[in-house]
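Novice: need coordinates for the following:
(chains A and B)
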2 protein chains.
Amino acid sequence: MSSHIVVFLPDGACLEVESGQTILEAAKAAGVAIDSSCGGQGTCGKCKVVVSLGQPGGRPGDSLSGEELENGVVLACQATVADDLVVEVPLESQRGELQILMGRAEVAGESLQADTSLASRVTADMEPPGASDDVSDGERLLASLSASTGDSFPQVEIDLAALRALPPMARENAWRVDALVGDFGGEGRVFDVAPAEGREVYGLAVDVGTTTVVVHLIDLTTQGFVDACASLNDQIACGEDVISRIIHAQEHPEGLVQLRDAVRATINRCVREVAGQHGVAPTQLIAAACVGNTVMTHLLLGVDPAALRREPYVPAIKTTPVLRASDIGLDIHPAAPVHVAPCVSSYVGGDITAGVLATALDRSPRLTLFIDMGTNGEMVIGHEEWMMCCSCSAGPAFEGSGVEYGMYATVGAIERLSYDPESDHVEWVTIGDARPRGICGSGLVDALAALLRAGAIDRAGRIDLGFPSRRVRVRNERPEFVFIWGEEAGRSDDISLGEDAIQNLIRSKAAVYAGAETLLESLGLSAGDVEQIMVAGAFGNFLDAESAVTIGLLPDVPLERIRFVGNTAVAGANLALLGREARTGMEELAGRMTNFELSVVPRYMDRYVSGLFLPHTDLQRFPSVASKLELRT
Amino acid sequence: MSSHIVVFLPDGACLEVESGQTILEAAKAAGVAIDSSCGGQGTCGKCKVVVSLGQPGGRPGDSLSGEELENGVVLACQATVADDLVVEVPLESQRGELQILMGRAEVAGESLQADTSLASRVTADMEPPGASDDVSDGERLLASLSASTGDSFPQVEIDLAALRALPPMARENAWRVDALVGDFGGEGRVFDVAPAEGREVYGLAVDVGTTTVVVHLIDLTTQGFVDACASLNDQIACGEDVISRIIHAQEHPEGLVQLRDAVRATINRCVREVAGQHGVAPTQLIAAACVGNTVMTHLLLGVDPAALRREPYVPAIKTTPVLRASDIGLDIHPAAPVHVAPCVSSYVGGDITAGVLATALDRSPRLTLFIDMGTNGEMVIGHEEWMMCCSCSAGPAFEGSGVEYGMYATVGAIERLSYDPESDHVEWVTIGDARPRGICGSGLVDALAALLRAGAIDRAGRIDLGFPSRRVRVRNERPEFVFIWGEEAGRSDDISLGEDAIQNLIRSKAAVYAGAETLLESLGLSAGDVEQIMVAGAFGNFLDAESAVTIGLLPDVPLERIRFVGNTAVAGANLALLGREARTGMEELAGRMTNFELSVVPRYMDRYVSGLFLPHTDLQRFPSVASKLELRT
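Specialist: Below you'll find the model as predicted:
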């Protein structure tokens, strides 16, 4: 095998690679982040790079235009290293830091006590032993801790490792030590001891998303939020949605291990980054609360998810006992307790349990519809007395996948957008006020609503080529609407929305709306009965309720009933980290939820097809939208 | 470094070793077992070998006679390899298989239920999942187990490893699997699953003695004893008694790790041997109950025992939560539960807790004195209502150490002995009916009693050189009494008892007797109040009560009150392995025992000095012995 030098611009990163590797692989090895949402299949077109020197091998990529080919554009996942290369990564292909969705605004956790953290540091001031006081060091520690831990734990035990460390440490530190105490399902365990130096301890709240992993760093002493970090889930290389991940686990001999390791590596990378920025050592991270959908939960634990897509769709695991960090390879204190949010069914997971907890749906007297828009759309309807839940394959369009200029809610993503047909002007706001790199979920909802309101698209999502604006054009034989001109954004191409992208978005919103409608119908309810709709998900920092109703993503209810609640999964993880009431509450509410399997209801498919219009085939279901559209006409 | 060939006879084992190694080290490497109770210090003189070819280096050994030196005798621990050597290991230096002290005869375990084994195999016949039955695999397993485990465990959890194994296994085996369920302090945990093939499962009862490690293999299905194995504790190389082991741990940088690894290696060797003989794989060994004195418990767990010999003599650990085999490096199923018997104080350990449980002292209405003669003499006085315990440094003389022809209770050890002065004849019985290799504890008690009764020694233990028998002689300027002639035993030397050995034995028995006396006195009791005396220990398969009273080891009570109960430590471990009532009972009784610290009672030293006669300075304390001795006079 020969090897070649590859230089990446503008980073200037440079490395020697074996010939035959893809440019994407080389970039990964060089630490250059290139966007890629299809996992290197050559289909998403997000990893376009320009080879400015040298002759790449492989194929440039099927979807490229003649002009692009002429300019040296290739897909990094398809072109290979066959020569010394200089590769330019354009702004739009650079994968930026992910914007963090804090999900804290709407947390109803105030009604839950932050009573017993998953782990805490407790200082023990022990009485030194005497002739008439010969209790063992271990018992002495427990006796001294009991004043602090007695309310939380009827019984505390000591890990062997802590027992080993205790005797010399107690004597060298005048019988004053800090004990790390974990809550293992109501049983306390001292899992480490240290000299009583008041070393800060931290916990992690982890949202293990199909697409994005979000990690919050929490100060366990003050219970305050410190910082957060997010990253694309490395598992994306094995498939975009949960079904393709399950298939990957089945079809590759090492598939399960690969997926398990990929998600662990993603979490550990985030942990390293966020902890490193605050000078927090791994051993100061003494607890983690993880939340994921059922498939992600299986993969995180290394449990085969095969049964999840085999009738009768039974999960291997719903409730997980509190684990140790080393059990699942988290690079924190190896004996730290790890809480994993319980799942309800194969496709309603711990993210929903956490969301219900965080929104207090289970404790509310008001009939609430909770929708979590991730790669899967999961939803719950109910109140304090009953809850019913279901899941539908929304697909990742609102996360930016399958949409040419779509992107995750990260720095440079357009998250709010409006269009004034009179002046032909587009107003936009990006996350981080950065140069626009694409459009994230909330911006896509706004964009679709704006086009519909302006009449630039019809109710089937087709672009009106006669629309009186130069923004409407045909590129590569496909009609599109340009939102941001390249020069305006300081980039070489224009940011537009084409008909393919619009169809993907319509399919996503139809799946979610049909799910909500079917769920409500099964209970003899209509949208009007719902007292509040809470929408969670990775749209961006906000979601415009009116836009969401306009495109028919949400039912047409008075807008004040709709609230965007952000990332409730990580919010629930925060609560689980800090309070036992939250942890037991999650388990209890998971047991109370009734799962409704949409896939066995033929009516769901009818509803879905009816939803493939904007806002819907049946305009009577969207009277407020209908009146506005009529106004326009 | 040059290397040389060493051949060991009669084994014929042969290996190449670096020059400079001791012959003992070379023998160990060659798998040739040479006796050595001083740990290679050159003091015990048990590792004599004959170099028949080649010139050894190092020193031959200070204690050797001129004749021995001439005949090529060296101490294997002092002489080194400096040449190609042929080394003959005489019978008396070969370390035989240790005789197992079953300790089962007197087990009062019948009154304890073998209710919930520390671990068991439970077959789960699960209902296959259906559309209306979507509980997870984990819950399904637990539901199916609950019929079998419900009585034992209010709650059962599943280890992550078992959860990982379950989904494919359940589906490939028609939802029929064997679960291994451990009792972790009342909480059940499934720690492994296997196809339901009815594979046998076994447990271990382990007596972790200062000198000897005994392992019983128990069939957990039938709860029946299968076999046993014993071995000298490898820690002997770091010191003979617990104090020298603690010192070793303190004075050597890696001392604690060395001691920990040595005892683990010893146990694992026994386990391998006994399991191997019965074709039992390590993963079929699914539980272990370990019993040891407080120091051995610390060392087994790898906990620093330094505080045990520092005022106020506080153990680091008394009660240990149920561990996993991998926590302490046992080569059995890594997740198997390991129970460690709770200790009472620094010098009254889990061996005594186990002994009290096995003898049912704690449940008896009769006032009982229980004496466990190990390297430490530990004892308990009490009954169902109260118990008091103490410990004295008996030393290892009755285990054969510090006694020239003394040996452990193993094959070839003379365990019963009588002498008829009229005929000058000695009757003897060896363990395993083998050729006599030395005298074990019970034989030594008999020997001392026989010499006293015959008048061959006076009450101070001095040999009467005028005694009319050719058995009395002077060798190397020291008087001795020959019990077995070499030709009679098929060996080159005679088996005798010299005055040094007699003094060591007297010191040991005096320490034990003084301990019992002081303990009784502290309670205002006398020996006559004691309704039964139970003697446990590694004496041999039996102990002659009359001999024990004759030499003043035990108080002069009617002989029918004295019972030899064998190895109660391993008996207690058996009970702990098989019953939860035993495990909780041990913990409860350890908490009930009051420790009495002999070392702080000045009177103990007086009693000890008074005991340095046979049977005692004060003959009035031993009226039955006095009358027999007078009869003789």
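
Novice: please report the distance of A:Gly31 from chain B.
Specialist: Shown here: A:Gly31 relative to chain B, a distance of 33 Å by C-beta to the nearest C-beta, to the nearest Å. Yep, even glycine has a C-beta here, placed from its N, CA and C like the rest.

Novice: any idea what the residue nearest to that residue when sequence neighbours are not counted is bridged to?
Specialist: Excluding the flanking residues, the one nearest A:Gly31 by C-beta to C-beta, 6 or more residues apart in numbering or on different chains is A:Ala13, at 6.2 Å. Residues in a beta bridge with A:Ala13, per DSSP bridges, are A:Phe8.

Novice: for A:Ala13, give me its contacts.
Specialist: Contacts for A:Ala13 (C-beta atoms under 8 Å, 6 or more residues apart in numbering or on different chains) come out as A:Val7, A:Ala30, A:Gly31, A:Val32.

Novice: just A:Asn476 next, same as before
Specialist: By C-beta under 8 Å, 6+ apart, the contact set of A:Asn476 is A:Ser65.

Novice: I'd guessed A:Lys318 sits against B:Arg140; true?
Specialist: No - the pair A:Lys318 / B:Arg140 is not scored as a contact, 10.4 Å apart, by C-beta atoms under 8 Å.

Novice: out of these two, which sits in the more crowded spot?
Specialist: A:Lys318 (25 against 22; other C-beta atoms under 10 Å in any protein chain shown).

Novice: which positions in the stretch 151-300 of chain A make contact with chain B?
Specialist: Applying C-beta under 8 Å from any C-beta of the partner chain, one finds that the stretch 151-300 of chain A approaches chain B through A:Glu157, A:Ile158, A:Leu160, A:Leu163, A:Arg164, A:Leu166, A:Pro167, A:Pro168, A:Arg171, A:Gly185, A:Glu187.

Novice: if you set the cut-off to 7 Å instead, what comes out?
Specialist: Residues of the stretch 151-300 of chain A lying near chain B by C-beta under 7 Å from any C-beta of the partner chain: A:Glu157, A:Leu160, A:Leu163, A:Arg164, A:Leu166, A:Pro167, A:Pro168.

Novice: repeat for the stretch 501-633 of chain A
Specialist: Within the stretch 501-633 of chain A, the positions near chain B by C-beta under 7 Å from any C-beta are A:Asn595.

Novice: avg pLDDT for stretch A:147-154?
Specialist: For stretch A:147-154, mean pLDDT is 86.

Novice: sorry, that was for stretch A:249-268
Specialist: What stretch A:249-268 shows for mean pLDDT is 95.

Novice: cool, and stretch A:506-520?
Specialist: Stretch A:506-520 shows a mean pLDDT of 96.

Novice: just the buried ones from the residues of the stretch 151-300 of chain A next to chain B?
Specialist: Taking 16 or more other C-beta atoms under 10 Å in any protein chain shown as the criterion, what is buried in these is A:Glu157, A:Leu160, A:Leu163, A:Arg164, A:Leu166, A:Pro167.

Novice: which ones among the residues you listed map onto helices?
Specialist: Judged by DSSP state H, those include A:Leu160, A:Leu163, A:Arg164, A:Leu166, A:Pro167 as members of helices.

Novice: pLDDT at the closest residue to A:Thr212 other than its chain neighbours, what is it?
Specialist: Nearest residue to A:Thr212, sequence neighbours excluded (C-beta to C-beta, 6+ apart): A:Ala230, at 5.6 Å. Model confidence at A:Ala230, given as pLDDT, is 82.

Novice: could you do A:Phe564 as well?
Specialist: At A:Phe564, pLDDT is 88.

Novice: direction included, what does the strand or helix carrying it pair up with?
Specialist: Secondary structure assignment for A:Phe564, by DSSP states H and E: strand A:562-566. In the sheet, strand A:562-566 lines up against strand A:532-537 (parallel) (DSSP bridges).

Novice: from the chain's centroid, how far away is the strand it pairs with?
Specialist: Offset of strand A:532-537 from its chain centre (C-alpha atoms, centre = their mean, to the nearest Å): 15 Å.

Novice: check stretch A:493-508 too.
Specialist: For stretch A:493-508, the distance to the chain centre is 22 Å (C-alpha atoms, centre = their mean).

Novice: could you do stretch A:306-314 as well?
Specialist: 24 Å.

Novice: report the buried residues of stretch A:58-78.
Specialist: A:Gly58, A:Pro60, A:Gly61, A:Leu64, A:Glu68, A:Gly72, A:Val73, A:Val74, A:Leu75, A:Ala76, A:Cys77, A:Gln78.

Novice: which single one of these is nearest to A:Tyr347?
Specialist: Closest to A:Tyr347 out of the buried residues of stretch A:58-78 is A:Cys77 (29.2 Å), distances taken as C-beta to C-beta.

Novice: separation between the closest residue to that closest one other than its chain neighbours and A:Leu15?
Specialist: With C-beta to C-beta, 6+ apart as the criterion, A:Cys77 has its nearest non-adjacent residue at 3.9 Å, and that residue is A:Gly40. A:Gly40 sits 19 Å away from A:Leu15, taking C-beta to C-beta, to the nearest Å as the criterion.
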